[in-house]
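In: below: sequence and its predicted model.
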Amino acid sequence: HLIPMLELAAACIRRDLAVTVVVPDPSFTAPAFSATLRKYASRLPSLSVHALPRPGHDLSAAAAASHPLVRMLAVLRAHVPGLRDFLRGLRPAPELVADMFFVDALDAAAELGIPGYLFFCTGAANLAVFLRLPHVCSGTSGNLRELGEAPVSFPGLRPLPASHLLEEVLDRGTDVSAAILDVFDRMAAARGILVNTFEALESSGVAVLRDGRCLPNRPTPPVYCIGPLIANGGDEEEEEERHPCLAWLDAQPEHSVVFLSFGSRGALSPDQVREMATGLERSGHRFLWVLRAPAPAPAEPNAAFALLPEGFLSRIADKGVVVTTPWVPQVAVLQHASTGAFLTHCGWNSTLEAVAAGVPMVCWPLDAEQWMNKVFLVEEMKVAMEVTGYKPGVLVRADTVEATMRRIMESEERKGVVQRVMVAKESAAAAWKEGGLSWAEFAEFVKTI
Ligand SMILES: O=c1ccn([C@@H]2O[C@H](COP(=O)(O)OP(=O)(O)O[C@H]3O[C@H](CO)[C@@H](O)[C@H](O)[C@H]3O)[C@@H](O)[C@H]2O)c(=O)[nH]1
């Protein structure tokens, strides 16, 4: 969530607003988090960064939580006193834009009489679903999980198979379902919600939010669609130490490489890594694969190579590259002329980055709202293909991987997908041009604050 938040900070600075980014104590964040923060702070000299103090005694709830999402929410909550103190000391009184999960920050803002907004890092249709989920769950007898593939209706949106909703809400009465439904319920208390999407991409999702249909008995807060907020691939290209994968891409023919990446934390099981490798090799297509070992990941990134079949790296040396460094410049890779397709876990940032680069996708969702994004990409936008037979927990065999690579790179079907993603690319570029829809909504937000 950090990259789009920092892009939002950059947009605010361009409008002459004074911006402070408030982050948790560094002991709670990954090295890539600090590195990204440093990069933006050096590019934006007027950006100030404030790290909240490490909470003293309020971490007992986090320590007791077994689910990572519950733990994260407890860690956020423990930072509230530090945030409140910080906000109280600012002159003039600030406006607060909090991450979508940090609804506790809205309470702190309300206490201080400060307007509190949320920044929602996934799509507008997902926001409409999340806002409505507490209502859906309380109106369903039994567990959503029992509904399996049966469609669940949401006003004005394409029905979603129950199994594609967030894993965390599928079972009633668990700590994690209570915690996440509480977050969704309290999102509506925001003064407004900034969404990292653009209206041309998601007109039906945006319409549902605007006409108030998603929340049955309460008004939906004003929604500002201000996306796509994504990193600038050009900046990544110009970095002093250009990532070696970009030099490798330079040497490949145009649109010939399939890029495989699963976001900031996604990893395949060891069995799936072997099937993926065999399928890629048999397809004969070029590929660039960001490989991460499943949690608990070994400290040494190269250890992930041990998951690959015997001799794989030497056999594919002229066709493919496997990268185990935890971070590649994804936006620059997607925008590179040699990239021809993107096998993605369907994280929303990856989705926007692929759309903005005009790269057709293969969907390989892992968790969170990624299954919902797959439905949107494959059935609504038709800018992606799905992997035949792929379901949560199912091992995709090498022959299916091979067939999928051929479909996305060679088939007639590819032409239609490419055409549609190129149209979406144009509208993504238009959104932030002067007078474009996101440009105008951002101007509206700035006027409001
Ligand atoms: O080696 C890497 C890996 C990732 N990225 C960047 O990291 C971001 C990853 O974001 P995303 O595609 O959204 O995936 P996750 O990190 O998995 O994001 C989480 O947050 C998203 C926004 O809420 C949700 O859509 C996802 O489901 C959830 O897993 C993107 O900007 C990538 O360009 C890199 O630059 N290099």
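Out: Everything's here; your move. Numbers count the residues shown, from 1 in each chain.
In: how long is stretch 187-201 from one end to the other?
Out: Taking Cα to Cα, to the nearest Å as the measure, stretch 187-201 stretches 23 Å from start to finish.
In: from the chain's centroid, how far away is that stretch?
Out: 15 Å (Cα atoms, centre = their mean, to the nearest Å).
In: buried residues in it?
Out: In terms of neighbour count (16 or more other Cβ atoms under 10 Å), stretch 187-201 has its buried residues at 187-188, 190-201. Quick note: C-beta positions are derived from backbone N, CA and C, even for glycine.
In: of those residues, closest to Thr388?
Out: Relative to Thr388, the closest of those is Leu201; by Cβ to Cβ it sits at 26.0 Å.
In: which SS state does the closest one fall under?
Out: Secondary structure, DSSP: H, G, I helix; E, B strand; the rest coil: Leu201 is coil.
In: doesn't Ile193 fall inside a helix?
Out: No - looking at Ile193 with three-state DSSP, it is strand, so not inside a helix.
In: any idea how far it lies from Ala403?
Out: To Ala403, Ile193 is 41 Å away according to Cβ to Cβ, to the nearest Å.
In: the residue in the stretch 51-200 of the chain positioned nearest to the ligand: how many residues sit nearby?
Out: Residue of the stretch 51-200 of the chain nearest the ligand, by Cβ to the nearest ligand atom: Cys121 (3.7 Å). Other residues within reach of Cys121, judged by other Cβ atoms under 10 Å, total 25.
In: just checking, it touches Pro4?
Out: Yes - contact status for Cys121 versus Pro4: in contact at 5.7 Å, counting by Cβ atoms under 8 Å.
In: what is the neighbour count of the nearest residue to Val387 once chain neighbours are set aside?
Out: For Val387, ignoring the flanking residues on the chain, the nearest one in space by Cβ to Cβ, 6 or more residues apart in numbering is Thr404 at 5.2 Å. Applying other Cβ under 10 Å, we find 24 residues neighbouring Thr404.
In: hang on, His219 packs against Gly212?
Out: Not quite, residue 219 is Pro, not His. Yes - using Cβ under 8 Å, Pro219 is in contact with Gly212, at 6.1 Å.
In: so what's Asp25 scoring on pLDDT?
Out: Asp25 carries a pLDDT value of 86.
In: so which residues of the stretch 301-449 of the chain form strands?
Out: 320-323, 339-344, 361-363, 384-386 (DSSP state E, counting those that start in this stretch).
In: would CSV of the ones you listed with distance to Phe33 and mean neighbour count be doable?
Out: Listed next are these as CSV, based on distance: least, Cβ to Cβ, whole Å; neighbours: other Cβ atoms under 10 Å:
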stretch, distance to Phe33, mean neighbour count
strand 320-323, 20, 20
strand 339-344, 21, 26
strand 361-363, 26, 25
strand 384-386, 28, 22
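In: now those strands in CSV, with mean pLDDT and distance to the ligand?
Out: Output for the strands of the stretch 301-449 of the chain, formatted as CSV (pLDDT from 0 to 100; distance: least, Cβ to the nearest ligand atom, whole Å):
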stretch, mean pLDDT, distance to the ligand
strand 320-323, 97, 8
strand 339-344, 98, 7
strand 361-363, 98, 11
strand 384-386, 98, 14
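In: hmm, back to that, need the overlap of contacts for Cys121 and Pro4.
Out: Jointly contacting Cys121 and Pro4 under the rule Cβ atoms under 8 Å, 6 or more residues apart in numbering are Asn196, Asn349.
In: enumerate the residues of the stretch 101-250 of the chain near the ligand.
Out: Applying Cβ under 6 Å from any ligand atom, one finds that the stretch 101-250 of the chain approaches the ligand through Cys121, Thr122.
In: in the stretch 101-250 of the chain, which spans are strands?
Out: For the stretch 101-250 of the chain, the strands defined by DSSP E, counting those that start in this stretch cover 116-120, 151-152, 160-161, 192-195, 223-225.
In: just send those strands back as CSV, with mean pLDDT too.
Out: Below are those laid out as CSV (pLDDT from 0 to 100):
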stretch, mean pLDDT
strand 116-120, 98
strand 151-152, 96
strand 160-161, 96
strand 192-195, 98
strand 223-225, 98
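In: tell me which of those sits nearest to Leu395.
Out: When the strands of the stretch 101-250 of the chain are ranked by proximity to Leu395, the top entry is strand 160-161, at 20.2 Å, counting by Cβ to Cβ.
In: need the strands of the stretch 101-250 of the chain in CSV with distance to Gln272, can you?
Out: Formatted as CSV, the strands of the stretch 101-250 of the chain follow (distance: least, Cβ to Cβ, whole Å):
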stretch, distance to Gln272
strand 116-120, 31
strand 151-152, 28
strand 160-161, 22
strand 192-195, 32
strand 223-225, 35
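In: would you mark the buried spots in stretch 318-337?
Out: 319-324, 326, 328-336.
In: first-to-last residue distance for it?
Out: 19 Å.
In: show me the beta-bridge partners of the nearest residue to Trp289 once chain neighbours are set aside.
Out: Distance criterion Cβ to Cβ, 6+ apart; nearest residue to Trp289, sequence neighbours excluded, is Leu260 at 4.3 Å. Beta bridges link Leu260 to Trp289, Leu343 when assigned by DSSP bridges.
In: show me what contacts Leu260?
Out: Leu260 makes contact with Met276, Leu280, Phe287, Leu288, Trp289, Val290, Phe342, Leu343, according to Cβ under 8 Å, 6+ apart.
In: likewise Pro134?
Out: With Cβ under 8 Å, 6+ apart, Pro134 has these contacts: Leu181, Phe184, Asp185.
In: same question, Ala304
Out: Neighbouring residues of Ala304 by Cβ under 8 Å, 6+ apart: Leu291, Arg292, Ala293, Ala297, Pro298, Thr324.
In: one more pass at 6 Å, please.
Out: By Cβ atoms under 6 Å, 6 or more residues apart in numbering, the contact set of Ala304 is Leu291, Ala293, Thr324.
In: ok, now Ala98?
Out: Residues counted as contacts of Ala98 (Cβ under 6 Å, 6+ apart) are Ala105, Leu118.
In: roughly how far does it sit from Ala277?
Out: 41 Å.
In: same deal with Leu8?
Out: 38 Å.
In: again with Ala200
Out: For Ala200, the distance to Ala277 - Cβ to Cβ - is 38 Å.
In: likewise Asp99?
Out: Taking Cβ to Cβ, one finds Asp99 at 36 Å from Ala277.
In: the more surrounded of these two?
Out: A direct count of neighbours by other Cβ under 10 Å for Asp99 and Ala277 places Ala277 higher, at 24 against 16.
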